[in-house]
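Novice: here's a sequence, model it:
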Amino acid sequence: MRDLVFVHGRAQEHKDSKALKNEWIAAWAEGLKKSGLHVPLSDDQIHFPYYGDTLDQLVAGKTPEDAAKIVVRGEVPGGDGELSLEEKAFIEAVLLESVGRFEQDPEGAIQRALPSDAIIEKGVLNWGWVQAILEVLDEHVPGASGMSVALATRDVFQYLTNDITRAVIETGTASAIPENKEAVVVSHSLGTVVAYNVLRQNAKQRNWKVPLFVTLGSPLAVMVIKKKLAGIKPLGFPANVVTWFNAMDKRDVVALYPLDNKNFPLTPAIDNKTDVHNGTSNAHGISGYLSDKEVAMKIYDAVTKS
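Specialist: Numbering: from 1, shown residues only. Model prediction:
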């Protein structure tokens, strides 16, 4: 049997890491049940690096080393007034790209969402414009507000642009991946960005053997996210990964595109499943992905091979 590593996404702060791990395992078990199977691993063979409270710890004055032992938090301290222009532009770019998934004329749809008598200049410095983008997303994504997309985007920005935050999160995540033995890595949402970055940057330093890397509900193919990642290191297939499997629900507003040759071209190509029916309220929840029969079997087959 191979070990299994789960890498979670955002908005997990102030939660019990053991309970979260059990939620992931239960969702996977639900998917396996559809094939008449059970979870084949013991609890100590399943690793769950929890970074949900890391930023809290950093703000409290703890060292990155101490914080990395605990967890990562989705949100960045401070109100919207503290956002830099760069961060606002990053968030707006993702929101516009999200609207473009549902509207052939994104800017026209946004203009229609504005008050009829409003004369509002587009751009991140104008909150009325951004609010209109969020309203358009609200219309197309039942159960997932545009604001939730903005918050998720903000978390990705902080991870990609704040060196200390990124180092803390990556240290904690890397420490959970066993060395000198094979381990399957399964990631979700922001966790797909973290896991990808950790794997590709540690190919030579760590003796990791990853027969299968799974990304679920991933925003990796979003243009501004790709550009930020490429700025850290040129995009490439992690050398320590044998096979990469990506799954998405086409209604998932965080996972805008499949990780295919058009949107995320790597060699070898990533195996994509785009017909997941995620039953969670926003079509993005981890339980809706892990309980998918094919996703669950992909993980099962990988961990049971020796």
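Novice: center of the protein, which residue is that?
Specialist: Ser189 (1.9 Å; Cα atoms, centre = their mean).
Novice: can you pull the contacts of that one?
Specialist: His8, Gly9, Arg10, Ala152, Leu216, Gly217, Ser218, Pro219, Val254, His284, Ile286 (Cβ atoms under 8 Å, 6 or more residues apart in numbering). From N, CA and C alone the C-beta is placed, and that goes for glycine too.
Novice: now do the phi/psi pair for it.
Specialist: Backbone geometry at Ser189, expressed as degrees, to the nearest 10, gives phi 60, psi -130.
Novice: measure it to Val254 for me?
Specialist: Noted for Ser189: a distance of 6 Å to Val254, by Cβ to Cβ, to the nearest Å.
Novice: any residues in contact with both of the two?
Specialist: What both Ser189 and Val254 touch, as defined by Cβ under 8 Å, 6+ apart, is the set Ala152, Gly217, Ser218, Pro219, His284.
Novice: just the buried positions in stretch 40-51, please.
Specialist: Leu41, Ile46, His47, Phe48, Pro49, Tyr50, Tyr51 (16 or more other Cβ atoms under 10 Å).
Novice: same check on stretch 274-283?
Specialist: Of all the residues in stretch 274-283, those buried under the rule 16+ other Cβ under 10 Å are Val276, Asn278, Thr280, Asn282, Ala283.
Novice: can you pull the pLDDT of Ser98?
Specialist: As predicted, Ser98 sits at a pLDDT of 76.
Novice: for Val72, same thing?
Specialist: Val72 is assigned a predicted lDDT (pLDDT) of 25.
Novice: if we can go back for a sec, in the buried residues of stretch 40-51, which has the lowest confidence score?
Specialist: Tyr51 (72).
Novice: and the next helix or strand past the one helix or strand Val156 maps to?
Specialist: Using DSSP states H and E, the element containing Val156 is helix 146-161. Counting by DSSP H and E, the element after helix 146-161 in chain order, helix or strand, is helix 163-176.
Novice: can you show me the CA trace of the helix or strand following that next one as CSV?
Specialist: Going down the chain from helix 163-176, the next helix or strand is strand 183-188, by DSSP H and E. Output in CSV follows, covering the C-alpha atoms of strand 183-188 (Å, rounded to 0.1, in the frame of the first residue of the first chain):
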residue,chain,number,x,y,z
ALA,A,183,2.6,8.6,-1.8
VAL,A,184,-0.4,9.7,-3.7
VAL,A,185,-1.1,13.5,-3.4
VAL,A,186,-4.7,14.7,-3.6
SER,A,187,-5.4,18.4,-3.5
HIS,A,188,-8.4,20.8,-3.7
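Novice: quick one: strands adjacent to strand 183-188?
Specialist: According to DSSP bridges, strand 183-188 forms sheet pairs with strand 3-7 (parallel), strand 210-216 (parallel).
Novice: can you list the low-confidence ranges for this protein?
Specialist: Residue ranges of the chain with pLDDT under 70: 10-15, 52-84, 106, 111, 113-154, 306.
Novice: and the strands in it?
Specialist: Secondary structure of the chain by DSSP state E: the strands cover 3-7, 46-47, 183-188, 210-216, 241-247, 271-273.
Novice: please work out which of those strands is packed deepest.
Specialist: By mean neighbour count, with neighbours taken as mean count of other Cβ atoms under 10 Å, strand 183-188 ranks first of these at a mean of 27.
Novice: and that one with helix 163-176, angle?
Specialist: If you take axes from the mean of the first three to the mean of the last three Cα atoms, to 10 degrees, strand 183-188 sits at 140 degrees to helix 163-176.
Novice: what comes into contact with strand 183-188?
Specialist: Counting by Cβ under 8 Å, 6+ apart, 2-9, 47, 177, 194-196, 199, 208-218, 241, 286, 289-290, 299, 302-303 sit against strand 183-188.
Novice: do the same with stretch 292-302
Specialist: 2, 4, 28, 30-32, 34-35, 37, 40, 184, 186, 211-212, 214, 216, 243, 245, 247, 273, 276-278, 289-290.
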